[in-house]
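[1] next comes the sequence, and after it the predicted model I'd like to discuss.
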Amino acid sequence: MGKSGKVVFKRYEQNKIELLPASYEELIPPGHLVRLVNTGIDQMNLEGLLNEYKGGGTSSFHPKMLVKIIVYSYTQRIYSSRQIAKALRENIYFRWLSGSNEPDFRTINRFRSCRLKQQIDQVFASMIKILHELGMVSLDNYFLDGTKIEANANRYSFVWKKTVGKQKEKLEQKIIKEILDYADKINEEEENKYGDKDLEEMGEGVKIDSNLLEEKIKELNEKLKEIANDPERKRKEEEKELERKKKKIEKDYLERLKRYEDQGELFKGRNSFSKTDPDATFMRMKEDQMRNGQLKAAYNVQIGTENQFILGYTIHQRPGDTGTLIPHMKEIKKNLGITPKRIITDAGYGSQENYEYLESQEIEAYVKYNMFEKEQKRNYKPDPFKAENMKYNELEDKFICANNRELEYSQTESYKTENGYETERRIYKSKNCKGCKLKASCYKGSLSKQIKVSHELMRHRKQAKERLESPMGRQLSSQRFMDTEPVFGQIKYDRGFKRFTMRGKEKVHLEFGLISLAHNFMKLHACQSPNNLRPS
C-alpha cells in the first residue's frame, strides 16, 4: 500500500472576529418561501385586524409581522407558540421576517387565539383574491370533500347522549318519589293535590328540572323554620327527616340534575361530546393504527379546492357529510362574495336537500348519488323491483311493476332532515300481489307491495347522472381525485397535522385557517417565483 498524504483540516476557530452581513436580507435566498410569505401578506387586506387595536397604552407588535411569522411557522410544521418564539430567537428566516422583534410565546398565543381568531376569514379571503388575480384559480370548478381530524381531547372523556338520557330519567323518578313521599308525610295541601295517584300518574305532566328542586328546597327551609319556632311542633324525628331530605335534594339531586341539563344543551343534535373539548364529537377514524375504526373525539373538516389550492373550509361537529354542504356553501359565499359555477363531490352529498339548494343558487351540480358508482360497473344489472326502474304513468300517477301490476297512490308522508329541511315521500301500493310469481324476489311480508317515492329526488338524480356521464362530467370526476385527496395527504402526512392543538370550534376554525394559508403559500411557491407577485 502507498503512503497516505498529510491530513488537512479547514480552519476551526470559534472566537475569531468576523464582519457579519449588514442585514439578514443578504442571507435570505432570492426564491425562498419566506420571501413569498412576506410579499403575499404585505398585499393582503388586514384592515379588520388593525381595527382590533383600540389605541392607548404601551406600543404593540405590528399585527402584519405577527401574521407573517405565524403563517410561516405553519409552513415549517411549527404549531406551538413556544416553538415559534424559540425560532424567532434562533432562526435567521424568522428573524428577517420579524425585523428582529422577539415577541414571547404569551404574546404570540394571545394574538393568535384572540385577535386573529376574529379576522381569519378576512385574511384567508384576501389570499384567495391574490390567487384569483394571479390566474392560479378561476373559481369556476369547486371540488368539495371532507376528512376527520382528531381533536385535542382525551380519548376516554366521552359523554353519550343515550347514557345521559337514561341517567336523567332514573334521577327524575327518584325525585318524583322523594317529592311524593314528602307530600304524604308533611304537607297536607299537597296530599290533597296529588290524592291517591300512584308514582307514574304523579310524574305525568310534571316538569322535573333544577328550578323545581330549588323551589322544594325553599319549602323545606320554611318548614324547618316553622318547627324551630313552634315549641309544640318541635319534634326531633320530624326535624331530622326534613334535614335529611333537604341535604339529599340540595347536595345530590340538584347538582346531578343541573349537570345533566348542562350536558343536554351541549349535545346540540349530536350523540356525544368530549369533556375536555365539548365542541368535539366522537367519530370513527379511518387512519387508526389498529385499523379497527376506533372512536375518537374529532371534527369533520370540509374543504373546497381548485388546482389543489384551498378555496374554502368549514368545521363541522357531525360525522356525516350530507348535512355539511349547505352550511359550507353559505359560508363560502359570505367570505368570498361569490359562488362557483360548478361543484363536484362524491356520493356522500347526494341528497334532495343539497340538489335543490344548488339548483336555487344556479350552481351546476356534479354530485354523485349513492348508486351512481354501482351503475357504472359492467356487471351492473338494474333492480327491476325498485321504483326508479319501474314504468311510471304520469297521467294516472301509477307505477307498473315488473309483472305488469299497478301500484296506485295511497298517501304522502312528511320528513324533516337534521338541518330542518322538510320533504315528502309519496306512497304507492299494489291492490293485490296474490299469485305473483315474482313475489319472492320482489319483497318480503304478507301485505301488498308498496314503494316510497320522491319525484323531485328522482328528477335531480336523473339530471345528475346526465351531467356526470357527459364528457365534462367524466373529466371533472376524474380530476376530483387528483385535486382534493392530495391536499389532505399533504396536510396530514407531509406536514404531520393529524391532530388539532387548540380546543373549541372557533379556535379549531382558526387553526385550520392557518393550515390552509400555509398550504396555499407552499403550493404557490411550488408553482411560480415570488417575483411574479405584485411588489409590496
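    Everything's here; your move.

[2] and the helix or strand where T314 lies, how far from the chain's centre?
    Assigned by DSSP states H and E, T314 falls within strand 309-316. Its chain's C-alpha centre and that of strand 309-316 lie 11 Å apart, by Cα atoms, centre = their mean, to the nearest Å.

[3] what's the mean pLDDT across that strand?
    Confidence for strand 309-316, expressed as mean pLDDT, is 95.

[4] now do stretch 480-491
    92.

[5] and the contacts of that stretch?
    Stretch 480-491 is contacted from outside by 143-145, 147, 303, 305-308, 310, 344-346, 497, 515, 519, using Cβ atoms under 8 Å, 6 or more residues apart in numbering. Quick note: C-beta positions are derived from backbone N, CA and C, even for glycine.

[6] can you tell me which of those residues are in helices?
    Of these, the ones assigned to helices by DSSP state H are 515, 519.

[7] take the contacts of stretch 480-491 and keep only those in strands.
    Using DSSP state E, 143-145, 147, 303, 305-306, 310, 344-345 are the members of the contacts of stretch 480-491 that sit in strands.

[8] hmm, back to that, I'd like the next helix or strand past the strand holding T314.
    Assignment by DSSP H and E places the next element after strand 309-316 at helix 325-336.

[9] mind listing what S126 touches?
    43-46.

[10] out of those residues, which end up buried?
    43-44, 46 (16 or more other Cβ atoms under 10 Å).

[11] and those residues, which is closest to G56?
    L46 (20.4 Å; Cβ to Cβ).

[12] pretty sure that closest one contacts K64?
    Yes - counting by Cβ atoms under 8 Å, L46 does reach K64; the two are 5.9 Å apart.

[13] per-residue pLDDT of M329, please?
    M329 is given a pLDDT of 94.

[14] can you show me the strands along the stretch 301-450 of the chain?
    Secondary structure of the stretch 301-450 of the chain by DSSP state E, counting those that start in this stretch: the strands cover 309-316, 342-345, 364-367, 391-393, 398-400, 406-416, 422-430, 450-453.

[15] my error: substitute the stretch 151-300 of the chain in the last question.
    158-160, 272-274, 281-284, 295-306.

[16] rebuild these as TSV, extending it with mean pLDDT and distance to E364.
    Formatted as TSV, those follow (pLDDT from 0 to 100; distance: least, Cβ to Cβ, whole Å):
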stretch	mean pLDDT	distance to E364
strand 158-160	84	41
strand 272-274	87	37
strand 281-284	89	31
strand 295-306	93	15
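
[17] quick one: those strands as JSON lines, columns for mean neighbour count too.
    JSON lines is the format used below for these (neighbours: other Cβ atoms under 10 Å):
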{"stretch": "strand 158-160", "mean neighbour count": "16"}
{"stretch": "strand 272-274", "mean neighbour count": "23"}
{"stretch": "strand 281-284", "mean neighbour count": "21"}
{"stretch": "strand 295-306", "mean neighbour count": "23"}
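
[18] in CSV: these, plus distance to F105.
    Formatted as CSV, the strands of the stretch 151-300 of the chain follow (distance: least, Cβ to Cβ, whole Å):
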stretch, distance to F105
strand 158-160, 31
strand 272-274, 26
strand 281-284, 30
strand 295-306, 25
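
[19] out of the ones in strands among the contacts of stretch 480-491, flag the one nearest to R461.
    T345 (13.9 Å).

[20] okay, and the beta partners of the closest one?
    Using DSSP bridges, the beta-bridge partners of T345 come out as V367.

[21] just the pLDDT at it, thanks.
    94.

[22] that one touches I363, doesn't it?
    No - using Cβ under 8 Å, T345 is not in contact with I363; the gap is 11.3 Å.

[23] the more surrounded of these two?
    T345 (24 against 17; other Cβ atoms under 10 Å).

[24] could you check how far the more buried one is from V301?
    15 Å (Cβ to Cβ, to the nearest Å).

[25] do the same with I41
    For I41 relative to V301 (Cβ to Cβ), the value is 24 Å.

[26] same check, this time on N45
    Counting by Cβ to Cβ - N45 and V301 are separated by 25 Å.

[27] same check, this time on L27
    37 Å.

[28] mind putting the buried ones among the contacts of S126 into JSON lines with pLDDT, distance to R112 and secondary structure?
    What follows is these, written out as JSON lines (pLDDT from 0 to 100; distance: Cβ to Cβ, whole Å; DSSP: H, G, I helix; E, B strand; the rest coil):
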{"residue": "Q43", "pLDDT": "91", "distance to R112": "21", "secondary structure": "coil"}
{"residue": "M44", "pLDDT": "90", "distance to R112": "16", "secondary structure": "coil"}
{"residue": "L46", "pLDDT": "88", "distance to R112": "14", "secondary structure": "coil"}
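
[29] of those residues, closest to P327?
    Distances from P327 to those, taken by Cβ to Cβ, are shortest for M44, at 25.6 Å.

[30] contact partners for the closest one?
    M44 neighbours (Cβ under 8 Å, 6+ apart): 67, 123, 126-127, 130.

[31] quick one: which of those sit in helices?
    Using DSSP H, the members of the contacts of M44 that fall in helices are 67, 123, 126-127, 130.

[32] wait, which of the residues you listed is closest to K168?
    V123 (43.3 Å).

[33] what is the burial count for the closest one?
    Neighbours around V123, by other Cβ under 10 Å: 21.

[34] ok, now R480?
    20.

[35] can you tell me how far it is from L139?
    16 Å.

[36] alright, that wraps it up for me.
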